[in-house]
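>>> Provided below are the primary sequence and the corresponding predicted coordinates.
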Amino acid sequence: MKRILFPTDFSEVANNAFVHALEFAKIVQGELILLHSFELPVFDNQFFPENYAVIYDSLELSQFDMFKEEIPKLRAIAEKRHLDKIKISHRLMDGDLLFNIKRSIKEDKIDFVIMGTSGATSWESFFLGTNTGSAIANIDVPMLCVPLEAKFKKIETIGFTTRFRPKDKKALKTVLDIAKKTNAKVKCLYVKTNESDVSKETIEKWETEFMQDPIEFFVINSDEVKETILDFIMYKEIDVLTMLTYKRGFFEGLFKPSFTKKMAANFDIPILAIHID
């Protein structure tokens with residue numbers, strides 16, 4: 001059974017992503033581990049010599065009480081969608097969110113992470129300026145990032161961006177496995193710029209290798225990579241876009257500050273980020 005980590009702060013953004021997490025768990029026949037991470041403020045004990053420990057105990061208790069109050073609300077969401085049979089367990093952890101995500105991935109043997117994101121004014125800030133962006137750059141398991149505007153709908157078309165590197169195939173097979181469980185199609189995009197070095201023969205080999213799978217390959221000549229990806233999302237009616245992280249600097253290289261507000265306004269689908277070694 002696949003194990004899915006769902007970090008939550010019980011916000012509207014997180015609750016929207018929780019619906020995606022439930023539906024994804026249904027698709028892969030998995031279970032959810034809900035993680036609520038909080039950081040206690042730093043106090044100087046010279047000013048609170050007598051009640052220093054009491055202050056921390058009180059703050060931890062308030063987090064625990066809030067956690068207990070919010071869990072039934074999430075279970076109600078699951079019941080409303082008839083997904084209350086999905087196994088859900090919980091973790092309440094003090095400390096840095098990213099550290100706790102990585103710790104849970106290791107200790108709970110996590111296969112996927114699903115997390116909500118909001119507040120981004122461009123794709124650059126979506127990937128680099130949020131907790132979600134930090135997680136993408138630092139974890140090795142596939143991560144589904146869900147913007148607030150992305151309401152759940154049946155997955156019919158999954159976009160997959162590639163540079164036709166041999167190591168991309170493992171990620172593509174992961175996506176195809178998901179697609180087959182939902183009877184979805186995969187549309188694979190390669191944006192061929194003037195600096196691209198992928199040969200026609202390489203592309204043809206990929207097409208031959210995956211010809212029995214529900215996948216279409218699209219090679220588009222353009223130096224406007226970001227704009228081409230957005231057009232691809234819109235015109236191919238992509239429901240989930242898969243992007244590969246080759247190294248920590250991948251997103252810094254692709255999403256620069258020049259990205260337009262128009263693109264940010266149209267960013268309303270989940271992103272499945274898959275790390276490639």
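Perfect, I can see it now. Residues are numbered from 1 along each chain as shown.
>>> show me the shaky parts of the chain.
Along the chain, segments meeting pLDDT under 70 span 39-66, 118-138, 246-267.
>>> show me the strands in it, by range?
Taking DSSP state E as the test, the strands found in the chain are 3-7, 31-38, 88-94, 112-117, 143-147, 157-161, 185-192, 215-221, 240-245, 271-275.
>>> from L35, how far off is the residue lying closest to F6 once chain neighbours are set aside?
Distances taken as CB to CB, 6 or more residues apart in numbering place A21 nearest to F6, at 4.6 Å, with adjacent residues excluded. Any C-beta I mention is one placed from the backbone N, CA and C, and that applies to glycine too. Distance, A21 to L35, using CB to CB, to the nearest Å: 11 Å.
>>> between these two, which contacts overlap?
Both A21 and L35 are contacted by F6, under the criterion CB atoms under 8 Å, 6 or more residues apart in numbering.
>>> for those two, indicate the residue with more neighbours.
More crowded of A21 and L35, by other CB atoms under 10 Å: A21, with 30 against 24.
>>> pretty sure that one contacts L5?
No: contact status for A21 versus L5: not in contact, 9.1 Å apart, counting by CB atoms under 8 Å.
>>> which neighbours do those two share?
L32, I114.
>>> just the helices in the chain please.
Secondary structure of the chain by DSSP state H: the helices cover 12-28, 52-80, 97-107, 123-128, 131-138, 168-182, 200-209, 225-235, 250-254, 261-265.
>>> what bridges to L92?
Legend: beta-bridge partners of L92 under DSSP bridges are H36.
>>> so it sits against I33, correct?
No: L92 lies out of contact with I33 (CB under 8 Å); the separation is 11.6 Å.
>>> of these two, who's got more company?
Remark: of L92 and I33, I33 carries more neighbours, 22 against 17, as counted by other CB under 10 Å.
>>> now the strands of the chain as CSV including distance to I229?
Listed next are the strands of the chain as CSV, based on distance: least, CB to CB, whole Å:
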stretch, distance to I229
strand 3-7, 26
strand 31-38, 30
strand 88-94, 34
strand 112-117, 18
strand 143-147, 15
strand 157-161, 7
strand 185-192, 7
strand 215-221, 9
strand 240-245, 8
strand 271-275, 11
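>>> which one of these lies nearest to E209?
With CB to CB as the criterion, E209 lies closest to strand 215-221 of the strands of the chain, at 10.1 Å.
>>> list the strands paired with that closest one, with their directions.
Short version: by DSSP bridges, strand 215-221 pairs with strand 185-192 (parallel).
>>> tell me what angle the strand it pairs with forms with helix 200-209.
Here the directions of strand 185-192 and helix 200-209 differ by 180 degrees (axes from the mean of the first three to the mean of the last three CA atoms, to 10 degrees).
>>> what does strand 185-192 contact?
The contact list for strand 185-192 (CB under 8 Å, 6+ apart) reads 156-164, 172, 175-176, 179, 198, 203, 213-222, 225, 228-229, 232, 236, 238.
>>> now swap in stretch 209-229 and tell me
Counting by CB under 8 Å, 6+ apart, 123, 160-161, 169, 172, 176, 179-180, 184-194, 203, 206-207, 232, 236, 241, 254-255, 259, 263 sit against stretch 209-229.
>>> quick one: end-to-end length of that stretch, please.
This stretch, stretch 209-229, spans 24 Å end to end (CA to CA, to the nearest Å).
>>> can you give the distance of that stretch from its chain's centre?
On the basis of CA atoms, centre = their mean, to the nearest Å, stretch 209-229 sits 21 Å off its chain's mean C-alpha point.
>>> just the buried positions in it, please.
For stretch 209-229, a neighbour-count test (16 or more other CB atoms under 10 Å) marks F210, I215, F217, V225, K226, T228, I229 as buried.
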